[in-house]
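In: Based on what follows, work out the 3D shape:
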Amino acid sequence: MIRVLLADDQALVRTGFRMILDNADDMTVVGEAADGEQAVAAVLEHQPDVVLMDVRMPDVDGVEATRRICKSAGPTHVLILTTFDLDEYVYAALRAGASGFLLKDTLAADLLSAIRVVARGDSVVAPTVTRRLLERYVGSGSTAPVSDLSLDTLTDREREVLGLIALGLTNTEIAGRLFLSEGTVKTHVHRILSKLNLRDRVQAVVYAYETGLVRAGTS
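Out: You can find the predicted model right below:
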């Protein structure tokens, strides 16, 4: 069973999500929270696999709650809920370690699918959507790239693969572009995430933009 925690300041929204999840045979709601502080405490108490986190909540918001949860290095993954995809709060939450985001009006089947993907440790947001978000808030050239010596630990090929991940390419597409097998690309991706201490592909895209490896408008 996938253990899910619901974090939203609107009780009606939490009730709606609970009704959807209660109809799934492989999921159970282990708790609810009305703000970020409660969410962090509930994660410590219930150790859920996935938190559905509203990004805008009073007092401690979803961004700070995500940061605290991911910093604890526990098994819990955070899936952000938002009204708008191009939202600075969503960008901040991805930086904080969220595994992706969903719009609040997403279809029930898509919500359940996303929870299953995140529970497996994968990212759920489409890389192209993440790219649009980052080009608005990071890749415009208005801020200087962040220096990170970890980037120097990557081989030339791994840098190349990371750049293509940031451009939204799938493993299959990267394999075709670089004339590699898909298995080889998967190995490169695994090594990149391990060397840079990143949770998933979404974090890799954020990293590539923030370090200047990829800039807005790159194709």
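
In: In which helix or strand does Val78 reside?
Out: According to DSSP states H and E, Val78 maps onto strand 77-82.

In: strands paired with that strand, and their directions?
Out: strand 50-54 (parallel), strand 101-103 (parallel) (DSSP bridges).

In: The top helix by length along the chain: which residues count as buried?
Out: Using DSSP state H to define each element, the chain has its longest helix at helix 182-196. If you call a residue buried by 16 or more other Cβ atoms under 10 Å, then helix 182-196 has these buried ones: 184-185, 188-189, 191-193, 195-196. Every C-beta, even on glycine, is put in place using the N, C-alpha and C of the backbone.

In: again with stretch 112-124
Out: 112, 114-119, 122-124.

In: for stretch 72-83, same thing?
Out: 76-82.

In: Among the residues you listed, which one lies nearest to Gly62?
Out: Ile80 (6.4 Å; Cβ to Cβ).

In: Please report the confidence value the model assigns to Leu86.
Out: Note for Leu86: predicted pLDDT of 64.

In: Arg14 falls within a strand, correct?
Out: No - judged by DSSP: H, G, I helix; E, B strand; the rest coil, Arg14 forms no part of a strand; its state is helix.

In: What count of nearby residues applies to it?
Out: Using other Cβ atoms under 10 Å, Arg14 has 19 neighbouring residues.

In: residues contacting it?
Out: 6, 8, 32 (Cβ atoms under 8 Å, 6 or more residues apart in numbering).

In: Which of the residues you listed fall in helices?
Out: Among the contacts of Arg14, no member falls in helices (DSSP H).

In: before we move on, back to that, what's next to the strand holding Val78, contact-wise?
Out: So strand 77-82 is in contact with 8, 49-56, 62, 66, 69-70, 89-90, 93-94, 97-104, 114-115, 118-119, 121, 124, 199, going by Cβ under 8 Å, 6+ apart.

In: which of the buried residues of helix 182-196 lies closest to Asp22?
Out: Leu193 (33.7 Å).

In: Please report how far that closest one lies from Gly100.
Out: Distance, Leu193 to Gly100, by Cβ to Cβ, to the nearest Å: 15 Å.

In: so where's this protein uncertain?
Out: Filtered on pLDDT under 70, the chain yields the residue ranges 73, 85-87, 125-131, 134-135, 137-148, 216-219.
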